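Trainee: here is my input; please provide its structure:
(2 chains)
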Amino acid sequence: MASPYSNRASDGIPDLSYKPGLARNVGSRILTFIAGIFSVVAVLPLILVLGYVIVRGGSNISLVLFTELPPPPGLDGGGIANAIVGTLVVTVVAALIAIPVGVGGGIFLAEYSRNGWFAQFIRFGTNVLSGVPSIIAGVFIYGTIVTSRVLFGNAYSALAGGMALSILMLPTVIKTTDEGLKLVSNDLRRGALGVGASRFVTIVRITLPTAFTPIATGVVLAIARAAGETAPLIFTALFSPFWSDLLSTDGILAPIASLSVLIYNFAIMPYEFHNELAWSASFVLVVMILGLNLLSRWLARFAAK
Amino acid sequence: MSNEKDNQYLLRNRPPSERLVDVGFKNLAVILASMVAVVLFLILIIVFRGSLESMGRYGWQFLITSDWNPVDDEYGAGAAIYGTLVTSMLSLLIAVPLGVGTAIFITENIIPRQIRVLIGVMVELLAAIPSVVLGLWAIFVLEPIIRPGLELLYELFNWIPFFSTPPMGPGTIPAVLILVVMILPIITAISRDSLNQVPQKLRQAAYGIGTTRWGAIMNVMLPAAVSGIVGGVMLALGRAMGETMAVTMIIGNSNNFSISLLAPGNTIAAMLANQFGEADGSQVSSLMYAAFILIIMTLTVNILAQWLVKRLSLKY
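Mentor: Residues are numbered from 1 along each chain as shown, chains lettered A, B, ... in the order given. This is a model prediction of the structure:
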């Protein structure tokens, strides 16, 4: 009975039960506790920010807010109607530029040149462009469009603001289109090509519709991000205390109000009423953006089914 | 999909009109894709050209002097560059432990799955809140709340240069805190994704040889996920350097250089947001120069991030 186990048998099988008092188990529990605290701290800002926006901004919501112009500095009474319209206009302009360009670029990356050097270069460029600070997009449009007055002699305009925002949307749209199309099974493409469809028809009728939900999810997220951006707008779209004349082209060629710039301008004013308007505008903006985010989540879940 | 053979079969025996559409569509896609490169190069060229005048006049001195005097036409971005570096580094110092800790907490099975998912969603929603709203919150909520703490800091530690001026409201510390709020979601989300991608086998093997939960996290999970986490941290650093609105609203926008973190400061992005609209003449050129420096800083960080992710990726 000289087996190596004989010794252990006489001592009994080693005790494998959990010993809470061991230094390493105590240390493990302490670290778990710290990680839990960190998670609470990480979630706290969202609750605090949302809480204040809902309480201070939501309490002033009234019909006047959505129908009237903001008051001149120092006066009370009025709303943020023109800024709501302006945010919609600028965001739509940005989407109209960024979606065709981004989806087209994504199609090239995923369908025509998956691993070519040019596609890799464009992917790298997309990553770099998504890291460019938003204020730089504003500086760029200011330097090209605003100072040169190429838009029919107009300097600051809603169109220029939309262009600045489209630069920020572009990388997201390209990336999601690229990723979405890559998920489409190659069998579908072969099938389409096999029955005689041209490449153009394959992409437009088969792969793009198949990848619709992931692309739409990304586009909605990009729109949500653009709607909340301020930095690219402050010296491209500027601000306007008036209604924009949207029935003629003058509307998008003139400076335009937007919720985000309104919040910035009114937050640093020394007038109580304007500060309150900034909170109300925050509420409207946050509801819009979180709504778009939930929409994109719903789209993603829809796709998962 | 794109090899030569495919094209050969694809384009054979088609009517010219269809072939025209096909080729036209491909060329259109190429042109649209190259818009990314065009925009990127144009941004660099426009900002560089705009800054030439100021570069010629001040040269490297611009980086270390901190006069900013539109009346005498004397410009230097020293204070703003210092502010950009200090705010982004300090915010990283706070946000990295918080973000990685949160990511660990929601990838381990410490608490029920539903709560973990909820924490993840909440942190992601935090990323969706516009920075101008965070700036508004910082002015009216955060800064008044932390003011007593900052005053205490000044009274106790005013012999340390970093706390040598009395807090006056806006300042570098509130700006750092709001930056933490802004970059926390990036670090958390990317760290969580990289931890989730580590094969479960590794964790199980670690438990199998008798380690504790944190033994496995520290020695197995984190090293395996390090490439993604470092990439996320670098992205967050780039974001923190370029973040504009929230910082502009709370940092105080003072061009006087002060080592104290309690004093108002400035960052390049905040300076651009504040002054670009009203600037003319050589001030525009100096702002363009500052913008060019900011671009170079963020580009360096972003390219480094992409390189590091490739370099550090572990192969399983």
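
Trainee: burial of the residue of chain B found nearest chain A, as a residue count?
Mentor: When distances are taken as Cβ to the nearest Cβ, chain B approaches chain A most closely through B:Gly242, which lies 2.4 Å from it. From N, CA and C alone the C-beta is placed, and that goes for glycine too. With neighbours defined by other Cβ atoms under 10 Å in any protein chain shown, the count for B:Gly242 comes to 26.

Trainee: surely it meets B:Ala269?
Mentor: Yes: contact criterion Cβ atoms under 8 Å: B:Gly242 and B:Ala269 qualify, at 5.6 Å.

Trainee: need the overlap of contacts for the two.
Mentor: Both B:Gly242 and B:Ala269 are in contact with A:Pro133, A:Ile135, B:Leu294, where contact means Cβ atoms under 8 Å, 6 or more residues apart in numbering or on different chains.

Trainee: now the buried members of those residues.
Mentor: Among those, those that count as buried by neighbour count (16 or more other Cβ atoms under 10 Å in any protein chain shown) are A:Pro133, A:Ile135, B:Leu294.

Trainee: need the pLDDT of the first one.
Mentor: Read that as A:Pro133. On the pLDDT scale, A:Pro133 is placed at 93.

Trainee: please name the residues that touch it.
Mentor: Contacts of A:Pro133 (Cβ under 8 Å, 6+ apart): A:Ala231, B:Met241, B:Gly242, B:Glu243, B:Thr244, B:Ala269, B:Leu294, B:Ile295, B:Thr298.

Trainee: name the SS class of A:Pro270, please.
Mentor: Following DSSP: H, G, I helix; E, B strand; the rest coil, A:Pro270 is assigned to coil.

Trainee: from A:Pro73, how far out is it?
Mentor: Here A:Pro270 is placed at a distance of 9 Å from A:Pro73 (Cβ to Cβ, to the nearest Å).

Trainee: and the closest residue to B:Leu304 other than its chain neighbours, what helix or strand is that in?
Mentor: Counting by Cβ to Cβ, 6 or more residues apart in numbering or on different chains, B:Met234 is the residue found nearest to B:Leu304 once chain neighbours are left out, at 6.1 Å. Applying DSSP states H and E as the criterion places B:Met234 in helix B:222-242.

Trainee: name the helices or strands packed onto that helix?
Mentor: Under the contact criterion of 3 or more Cβ pairs under 8 Å, 6 or more residues apart in numbering or on different chains; DSSP states H and E, the helices and strands touching helix B:222-242 comprise helix A:117-131, helix A:134-141, helix B:78-107, helix B:172-197, helix B:268-275, helix B:282-312.

Trainee: helices and strands around the fourth one, which ones?
Mentor: Pointing back at helix B:172-197 there. Contact here means 3+ Cβ pairs under 8 Å, 6+ apart; on that basis helix B:172-197 packs against helix A:23-52, helix B:78-107, helix B:113-128, helix B:131-137, helix B:143-157, helix B:222-242, helix B:245-251.

Trainee: any idea which helix is longest in chain B?
Mentor: helix B:16-58 (DSSP state H).

Trainee: can you tell me the average pLDDT over that one?
Mentor: Rounded mean pLDDT across helix B:16-58 is 91.

Trainee: any idea which residue sits dead centre in the chain?
Mentor: Just so you know, I chose chain A. Centroid-nearest residue in chain A: A:Arg225, 2.7 Å away (criterion: Cα atoms, centre = their mean).

Trainee: try chain B instead
Mentor: When chain B is reduced to its mean C-alpha position, the nearest residue by Cα atoms, centre = their mean turns out to be B:Arg239, at 1.4 Å.

Trainee: report pLDDT for the closest residue to that one other than its chain neighbours.
Mentor: Nearest residue to B:Arg239, sequence neighbours excluded (Cβ to Cβ, 6+ apart): B:Ile183, at 5.7 Å. pLDDT, the model's per-residue confidence, is 94 for B:Ile183.

Trainee: could you do A:Pro255 as well?
Mentor: A:Pro255 carries a pLDDT score of 85 in this model.

Trainee: now do the SS call for the nearest residue to it once chain neighbours are set aside.
Mentor: The shortest distance from A:Pro255 to any non-neighbouring residue, by Cβ to Cβ, 6+ apart, is to A:Leu238 (3.9 Å). Counting by three-state DSSP, the backbone at A:Leu238 sits in coil.

Trainee: residues near the spatially closest residue to B:Met249 that is not a sequence neighbour, how many?
Mentor: Take B:Met249 and drop its neighbours on the chain: the residue closest to it by Cβ to Cβ, 6+ apart is B:Gly135, 3.4 Å away. With neighbours defined by other Cβ under 10 Å, the count for B:Gly135 comes to 30.

Trainee: roughly how far apart are B:Gly135 and B:Gly277?
Mentor: Relative to B:Gly277, B:Gly135 is positioned 17 Å away (Cβ to Cβ).

Trainee: same thing with B:Arg116?
Mentor: Noted for B:Arg116: a distance of 45 Å to B:Gly277, by Cβ to Cβ.

Trainee: and B:Pro166, by the same measure?
Mentor: Shown here: B:Pro166 relative to B:Gly277, a distance of 31 Å by Cβ to Cβ.

Trainee: for the stretch 201-316 of chain B, which spans come out with low pLDDT?
Mentor: Using pLDDT under 70 as the threshold, the predicted model of the stretch 201-316 of chain B has low-confidence ranges B:313-316.

Trainee: can we see that at 90?
Mentor: Per-residue confidence for the stretch 201-316 of chain B (pLDDT under 90) gives these ranges: B:210-213, B:224, B:226-228, B:231, B:252-265, B:274-285, B:303-316.

Trainee: and it, which of its residues are near chain A?
Mentor: Proximity of the stretch 201-316 of chain B to chain A is confined to B:212-215, B:217, B:235, B:238-239, B:241-245, B:248-249, B:269, B:272-273, B:276-277, B:287-288, B:291, B:294-295, B:298-299, B:301-303, B:305-306 under the rule Cβ under 8 Å from any Cβ of the partner chain.
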